[in-house]
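> Predicted structure and sequence below. I'll ask about it afterward.
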Amino acid sequence: MSKLRVAVLGAKGRIGAEAVRAVAAAEDLELVAALGRGDGLETLVEAGAEVAVELTEPASVMDNLEFCVRHGIHGVVGTTGWTDERLARLEGWLDASPTTGVLIAPNFSIGAVLTMRFARQAARFFESVEVIELHHPNKVDAPSGTAARTAQLIAEARREAGCAPQPDATTTALDGARGADVDGVPVHSVRLRGLLAHQEVLLGGEGETLTIRHDSTHHSSFMPGILLGVRRVVTAPGLTFGLEHFLDLD
Ligand SMILES: NC(=O)C1=CN([C@@H]2O[C@H](COP(=O)(O)OP(=O)(O)OC[C@H]3O[C@@H](n4cnc5c(N)ncnc54)[C@H](OP(=O)(O)O)[C@@H]3O)[C@@H](O)[C@H]2O)C=CC1
Ligand SMILES: O=C(O)C1=N[C@H](C(=O)O)C[C@H](O)C1
């Protein structure tokens with residue numbers, strides 16, 4: 001059987017470099033291009049790439065995906081910075097290229113995907129819920145894409161269950177003291193040398209708290225998810241948001 005032809009964009013970055021190694025080592029995949037900043041996207045077409053793994057930065061991801069989708073190259077995207085407006089633009093490109101698939105995964109690690117799932121399950125049972133994400137200090141965006149997605153899932157579950165707004169008597173606060181408000185859920189971002197990617201979901205009810213914590217201690221934690229995404233996206237036209245759709249979690 002022929003190998004799936006895969007390119008990595010952002011190939012010299014922290015996760016991109018790890019992805020290059022993982023794709024090159026996978027027996028069923030062939031690494032046909034590894035692009036850094038300034039490398040021409042035409043290389044993807046010349047190399048016959050079937051799937052592009054997009055691991056760059058929020059300022060680059062849209063142009064890269066527009067090119068890929070217009071050329072029928074499937075995308076596996078870890079880059080952050082997704083808004084409703086950006087997703088709508090991407091869906092417009094996908095509508096015009098109906099056999100092309102794009103997976104956007106706020107987090108490729110199984111532990112983080114499960115954290116989001118457990119947080120969504122738990123959200124309606126507690127009066128209070130807040131998210132703390134902790135990352136290395138070179139990260140350019142805050143809050144993390146994972147934390148933003150976790151908060152949205154929590155908020156959705158609470159809305160569906162008809163939960164009351166969270167109790168919070170704060171009337172005076174320094175800017176940022178209560179974190180960012182993501183869909184009504186406070187999200188706090190820590191940037192600390194020595195860390196990689198970590199998240200806690202704190203839930204509180206009368207007389208009890210529950211903490212769900214996940215730690216990625218190495219970029220290798222993201223590789224099985226990226227490889228799964230590459231293998232699955234070629235048969236999943238349109239937009240898939242979240243790796244959980246490619247995992248049999250239920
Ligand atoms: N979904 C997930 O599981 C994960 C997602 N991420 C996300 O992936 C992204 C990258 O993270 P990280 O590796 O830590 O960041 P880095 O800054 O280490 O890497 C990004 C790389 O992309 C390069 N780059 C920027 N624009 C382009 C472009 N147009 N074409 C090709 N290369 C480009 C940068 O070049 P230069 O060095 O010149 O700036 C850099 O080498 C972030 O958005 C991060 O949040 C990270 C880990 C896991
Ligand atoms: O920048 C990172 O490092 C990470 N980014 C993603 C995010 O913003 O959620 C995924 C993971 O947290 C690592």
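Okay, I see it. Ligands and ions are numbered 1, 2, ... in the order given.
> buried stuff in the longest helix along the chain?
For the chain, the longest helix by residue count, based on DSSP state H, is helix 145-160. Of all the residues in helix 145-160, those buried under the rule 16 or more other Cβ atoms under 10 Å are 145-155, 157-158. To be clear about C-beta, it is placed using only N, CA and C from the backbone, and glycine gets the same treatment.
> out of those, which touch ligand 2?
145, 146 (Cβ under 6 Å from any ligand atom).
> So for the closest residue to ligand 1 within the chain, what's the pLDDT?
Taking Cβ to the nearest ligand atom, ligand 1 has its nearest neighbour within the chain at residue 13, 2.0 Å off. Per-residue confidence (pLDDT) for residue 13: 98.
> What of residue 248?
Reading off the model, residue 248 has pLDDT 88.
> Is there a neighbour count for it? I'd like the number.
By the criterion of other Cβ atoms under 10 Å, residue 248 has 5 neighbours.
> three-state assignment of it?
coil (DSSP: H, G, I helix; E, B strand; the rest coil).
> Okay, it and residue 232: tell me how far apart.
To residue 232, residue 248 is 12 Å away according to Cβ to Cβ, to the nearest Å.
> in the protein, which spans are strands?
All strands of the chain, identified by DSSP state E, fall at 4-9, 29-35, 51-54, 74-77, 101-104, 128-135, 180-182, 185-191, 197-205, 208-216, 238-241.
> Now those in TSV, please, with extra columns for mean pLDDT, distance to ligand 2 and mean neighbour count.
Below are the strands of the chain laid out as TSV (pLDDT from 0 to 100; distance: least, Cβ to the nearest ligand atom, whole Å; neighbours: other Cβ atoms under 10 Å):
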stretch	mean pLDDT	distance to ligand 2	mean neighbour count
strand 4-9	98	15	26
strand 29-35	98	19	20
strand 51-54	99	13	27
strand 74-77	98	11	28
strand 101-104	98	11	26
strand 128-135	98	6	22
strand 180-182	97	13	15
strand 185-191	98	10	19
strand 197-205	98	4	20
strand 208-216	98	6	15
strand 238-241	98	14	17
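> Enumerate every residue touching the spatially most central residue of the chain.
The residue lying closest to the centre of the chain (Cα atoms, centre = their mean) is residue 106, at 1.1 Å. With contact taken as Cβ atoms under 8 Å, 6 or more residues apart in numbering, residue 106 is in contact with 80, 82, 112, 116, 145, 146, 148, 149, 242.
> so how far is residue 141 from it?
For residue 106 relative to residue 141 (Cβ to Cβ), the value is 12 Å.
> Now the common contact residues for the two.
Looking at what touches both residue 106 and residue 141 (by Cβ under 8 Å, 6+ apart), the common residues are residue 80.
> could you say what helices and strands the longest helix of the chain packs with?
helix 110-122, strand 128-135, strand 180-182, strand 185-191, strand 197-205 (3 or more Cβ pairs under 8 Å, 6 or more residues apart in numbering; DSSP states H and E).
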